[in-house]
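Chemist: how would this look folded up:
(one chain, ligands or ions: 1)
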Amino acid sequence: MAQNEVADILKEQTMRKIIDFHTHAFPDALAPKAMAQLHSEADIVSYLDGRVSSLLASMDKAGIETSALCCIATRPSQFEQILQWCKEICSDRIVPFPSVHPADPQAVEKITQVAREGFRGVKFHPYYQNFDLDSPEMDSIYEALSANNLIVVMHTGYDIAFERIDRAGTKRILDVINRFPGLKLITTHLGGWYDWDAVEKGLLGKPVYMDISVSREFLGDQRFRRMLLAHPSEYLLFGTDSPWADQTEAIEAIRRLNLPETLMDKLFYKNAKTLIDL
Ligand SMILES: [Zn+2]
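Modeler: Okay, the predicted model is just below:
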């Protein structure tokens with residue numbers, strides 16, 4: 001490697017700020033059990049032990065300034081416990097997204113509570129929380145999220161741990177964004193995990209946020225790069241789904257793609273920073 005290339009890489013590592021918009025962790029006491037259960041449900045590799053301290057160490061190693069930490073309540077009764085934990089771990093470096101279960105009769109009140117406590121948004125997962133993205137029961141929830149200016153990190157596409165039944169595909173996403181144009185909806189896994197044919201046809205080019213977690217690994221570099229370039233650059237967010245991916249490796253894989261500098265600035269930092277600061 002030429003000396004100027006080494007200098008460029010070093011410069012980038014010290015200069016470029018990075019926000020990871022898609023990570024997970026659990027309270028220390030629950031982490032071993034939670035990780036074991038998630039491993040038993042799907043054939044997946046984890047790179048960390050599920051603790052916040054491990055995530056922070058991984059961020060230090062990768063040069064990540066801030067991570068959005070996504071929680072998923074699989075039952076309505078978990079709301080309070082998750083909210084309390086989110087308050088404990090909230091910092092300059094960890095931006096927690098608490099979780100409201102759509103089947104909670106008080107879902108709308110709880111969304112207001114999340115906003116009142118100063119959180120930036122809520123994470124939803126149609127498979128773990130048993131709902132279809134565009135079902136009528138979600139209408140009042142999307143209205144409340146919009147009204148409270150909260151970001152919605154939405155698992156989209158299929159899920160590695162579930163049967164391939166469409167609950168969060170492109171058509172449903174389009175229905176939601178058409179009916180709730182003010183909703184700050186982030187679709188995960190580049191518009192929808194393993195739904196990329198539909199994403200390419202229907203979602204790329206539309207003003208909808210996409211995190212890029214766990215997509216390049218399945219799409220291959222070429223198709224992944226082509227899809228990134230076909231989407232408005234201000235709607236792309238770097239995300240890893242750590243601990244299910246290695247943050248350092250994920251960053252290096254993007255750097256190898258020879259993407260325009262302006263796109264990388266937006267993808268790695270600017271877009272996320274703008275969203276979080278709004
Ligand atoms: Zn995830």
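
Chemist: Please work out which residues outside the helix or strand containing V114 touch it.
Modeler: Assigning secondary structure by DSSP states H and E places V114 in helix 107-116. In this structure, residues lying in contact with helix 107-116 by Cβ atoms under 8 Å, 6 or more residues apart in numbering are 76, 79, 83, 98, 100-101, 104, 122, 140-141, 143-145, 148-150. In short, each C-beta sits where N, CA and C put it, glycine included.

Chemist: And the residues you listed, which two are furthest apart?
Modeler: P76 and N149 (23.5 Å; Cβ to Cβ).

Chemist: Pick out whichever of the two has more residues nearby.
Modeler: P76 (17 against 12; other Cβ atoms under 10 Å).

Chemist: Phi, psi for the nearest residue to C90 once chain neighbours are set aside please.
Modeler: Nearest non-adjacent residue to C90, counting by Cβ to Cβ, 6 or more residues apart in numbering: P96, 5.4 Å away. Dihedral angles of P96 (phi, psi; degrees, to the nearest 10) stand at phi -80, psi 140.

Chemist: Could you list everything P96 pairs with in the sheet?
Modeler: P96 forms beta bridges with L69, as assigned by DSSP bridges.

Chemist: check contacts around it.
Modeler: Taking Cβ under 8 Å, 6+ apart, one finds A68, L69, C71, W85, C86, I89, C90, F119 in contact with P96.

Chemist: Now render those as CSV, adding neighbour count and pLDDT.
Modeler: Formatted as CSV, those follow (neighbours: other Cβ atoms under 10 Å; pLDDT from 0 to 100):
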residue, neighbour count, pLDDT
A68, 25, 98
L69, 25, 98
C71, 24, 96
W85, 19, 98
C86, 20, 98
I89, 17, 97
C90, 17, 97
F119, 20, 98
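
Chemist: Could you list which of the residues you listed belong to helices?
Modeler: Judged by DSSP state H, those include W85, C86, I89 as members of helices.

Chemist: Sort out which residues of stretch 259-267 are buried, please.
Modeler: Buried residues in stretch 259-267, counted by 16 or more other Cβ atoms under 10 Å: L259, L263, M264, K266, L267.

Chemist: if I look at the last one, how far off is P232?
Modeler: In this view, L267 and P232 are 12 Å apart by Cβ to Cβ, to the nearest Å.

Chemist: for the third one, same thing?
Modeler: Here M264 is placed at a distance of 15 Å from P232 (Cβ to Cβ).

Chemist: Could you please name the strands whichever helix or strand comes after the helix holding V114 pairs with and the direction of each pair?
Modeler: Counting by DSSP H and E, the next helix or strand C-terminal to helix 107-116 is strand 121-124. If you go by DSSP bridges, strand 121-124 pairs up with strand 151-154 (parallel).

Chemist: can you give me how far the helix or strand immediately after the strand it pairs with in the chain is from the chain middle?
Modeler: Next in sequence after strand 151-154, counting helices and strands by DSSP H and E, comes helix 170-179. Relative to the centre of its chain, helix 170-179 is centred 18 Å away, using Cα atoms, centre = their mean, to the nearest Å.

Chemist: now the helix or strand following helix 170-179, how far from the centre of its chain.
Modeler: Once helix 170-179 ends, the next helix or strand along the chain (criterion: DSSP H and E) is strand 184-187. Distance, stretch centre to chain centre, for strand 184-187: 9 Å (Cα atoms, centre = their mean).

Chemist: cool, stretch 145-165 as well?
Modeler: That offset, for stretch 145-165, works out to 9 Å (Cα atoms, centre = their mean).

Chemist: how about it as PDB, C-alpha atoms only?
Modeler: Written as PDB, here are the backbone C-alpha positions of stretch 145-165 (Å, rounded to 0.1, in the frame of the first residue of the first chain):
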ATOM      1  CA  LEU A 145     -45.700   9.000  16.800                       C
ATOM      2  CA  SER A 146     -46.000  11.700  14.200                       C
ATOM      3  CA  ALA A 147     -47.700  14.100  16.600                       C
ATOM      4  CA  ASN A 148     -44.900  13.600  19.100                       C
ATOM      5  CA  ASN A 149     -42.200  14.000  16.400                       C
ATOM      6  CA  LEU A 150     -40.700  10.600  17.300                       C
ATOM      7  CA  ILE A 151     -38.500   8.500  15.000                       C
ATOM      8  CA  VAL A 152     -39.800   5.100  14.200                       C
ATOM      9  CA  VAL A 153     -37.100   2.400  13.700                       C
ATOM     10  CA  MET A 154     -39.200  -0.300  12.000                       C
ATOM     11  CA  HIS A 155     -38.000  -3.800  11.300                       C
ATOM     12  CA  THR A 156     -38.900  -4.300   7.600                       C
ATOM     13  CA  GLY A 157     -38.800  -7.100   5.100                       C
ATOM     14  CA  TYR A 158     -38.700 -10.700   6.400                       C
ATOM     15  CA  ASP A 159     -36.900 -11.900   9.500                       C
ATOM     16  CA  ILE A 160     -34.200 -14.500   9.700                       C
ATOM     17  CA  ALA A 161     -35.900 -16.200  12.700                       C
ATOM     18  CA  PHE A 162     -39.400 -16.400  11.200                       C
ATOM     19  CA  GLU A 163     -41.300 -18.100   8.300                       C
ATOM     20  CA  ARG A 164     -41.300 -15.900   5.200                       C
ATOM     21  CA  ILE A 165     -44.800 -14.500   5.600                       C
END
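
Chemist: I am finished for the moment; much appreciated.
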